[in-house]
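Enquirer: Pasted the sequence and its predicted model underneath.
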Amino acid sequence: DAKTTQPTSMDCAEGRAANLPCNHSTISGNEYVYWYRQIHSQGPQYIIHGLKNNETNEMASLIITEDRKSSTLILPHATLRDTAVYYCIVRLLISNFGNEKLTFGTGTRLTIIP
Amino acid sequence: DAGVTQSPTHLIKTRGQHVTLRCSPISGHKSVSWYQQVLGQGPQFIFQYYEKEERGRGNFPDRFSARQFPNYSSELNVNALLLGDSALYLCASSFLPLSGNTIYFGEGSWLTVV
């Protein structure tokens, strides 16, 4: 799986949009970008994933650059409950009932400031 | 709908002992994976099981073993516990390991080895 690079930490004011960058310059054509977050002492929570098109769901938006070498997770109106560690993961998906492995880095610790 | 459930939530063991951690996947999910998360680091992949067969193994010693039962629940066993095995053990499940599926995590089992 391709490696990802994320900033170690970020702050965002409550109510503002939080933009979390991720670099995955070695991503291959059949690898997806997944985002998870982990609130203190809880299991990772799935946020969103995409292949090459921008994606949006009720939690966030995912913007993937045209060359797919980087992406940005956007939390449109950050709240205090969004304070967490955010993980960007590149995942190779093949249809042979294998490779469920997710390779986590150290993620970005996002702190929402009141 | 119940999510991924894990038991016990917390436990304390002594060095050299054995531990069994249990996981029930989301209803309908047939793939189960196990991760270890040491304090301050991202989760590390240990095992993946699909249809009761091991489909993936991370870089962990043979003291770690797992199995999946006919109802798709799973156990993680760790023998001869070391202090360094103290961690949050996470179980994750998915519907099918095919392109585009999502992996969901449980809240984990906190293991402390003293």
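Expert: Structure received.

Enquirer: The helix or strand of chain A with the lowest mean pLDDT: what's the following helix or strand?
Expert: Least confident element among the helices and strands of chain A, by mean pLDDT, DSSP states H and E: strand A:84-92 (a mean of 91). Counting by DSSP states H and E, the next helix or strand C-terminal to strand A:84-92 is strand A:108-113.

Enquirer: Counting neighbours, which bits of that following strand end up buried?
Expert: Buried residues in strand A:108-113, counted by 16 or more other C-beta atoms under 10 Å in any protein chain shown: A:108-110, A:112. The way it works is simple: take the backbone N, C-alpha and C, and place the C-beta from them, glycine included.

Enquirer: Please apply the same query to stretch B:75-86.
Expert: In stretch B:75-86, counting by 16+ other C-beta under 10 Å, buried: B:75-76, B:78, B:81, B:85-86.

Enquirer: in the chain, which residue is closest to the centre?
Expert: If you meant another chain, say so; for now it's chain A. residue A:35 (3.0 Å; C-alpha atoms, centre = their mean).

Enquirer: hm, I was asking about chain B
Expert: Centroid check for chain B by C-alpha atoms, centre = their mean gives residue B:34 as the closest residue, at 3.0 Å.

Enquirer: got a list of what that residue touches?
Expert: Residue B:34 sits next to B:23, B:45-48, B:66, B:74, B:76, B:89-92 when contact means C-beta atoms under 8 Å, 6 or more residues apart in numbering or on different chains.

Enquirer: if I look at it, how far off is residue A:112?
Expert: For residue B:34, the distance to residue A:112 (C-beta to C-beta, to the nearest Å) stands at 31 Å.

Enquirer: same question, residue A:80
Expert: Distance of residue A:80 to residue A:112, computed by C-beta to C-beta: 5 Å.

Enquirer: contacting residues around the closest residue to chain B within chain A?
Expert: Proximity of chain A to chain B (C-beta to the nearest C-beta) peaks at residue A:104, 3.1 Å away. Applying C-beta under 8 Å, 6+ apart, we find residue A:104 in contact with A:36, A:44, A:87, A:89, B:35, B:42-44.

Enquirer: isn't residue A:62 right next to residue A:51, touching?
Expert: No: the criterion here is C-beta atoms under 8 Å, and residue A:62 misses it with residue A:51 at 10.2 Å.

Enquirer: Neighbour count for those two, which is higher?
Expert: Remark: of residue A:62 and residue A:51, residue A:62 carries more neighbours, 22 against 15, as counted by other C-beta atoms under 10 Å in any protein chain shown.

Enquirer: Spell out which helix or strand contains that one, please.
Expert: According to DSSP H and E, residue A:62 maps onto strand A:61-64.

Enquirer: could I have that strand exported to CSV, CA atoms only?
Expert: The C-alpha trace of strand A:61-64 is given here as CSV (Å, rounded to 0.1, in the frame of the first residue of the first chain):
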residue,chain,number,x,y,z
SER,A,61,-16.2,16.1,1.9
LEU,A,62,-13.1,14.6,0.3
ILE,A,63,-11.3,16.5,-2.4
ILE,A,64,-8.8,14.4,-4.4
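
Enquirer: Parallel or antiparallel, list what pairs with it.
Expert: strand A:55-56 (antiparallel), strand A:70-75 (antiparallel) (DSSP bridges).

Enquirer: Among those strands, show me which one is buried the most.
Expert: strand A:70-75 (a mean of 20; mean count of other C-beta atoms under 10 Å in any protein chain shown).

Enquirer: which strands and helices sit next to the helix-or-strand element of chain B with minimal mean pLDDT?
Expert: None of the helices or strands of chain B scores lower by mean pLDDT, DSSP H and E than strand B:53-57, at a mean of 89. Judged by 3 or more C-beta pairs under 8 Å, 6 or more residues apart in numbering or on different chains; DSSP states H and E, the packing partners of strand B:53-57 are strand B:44-50.
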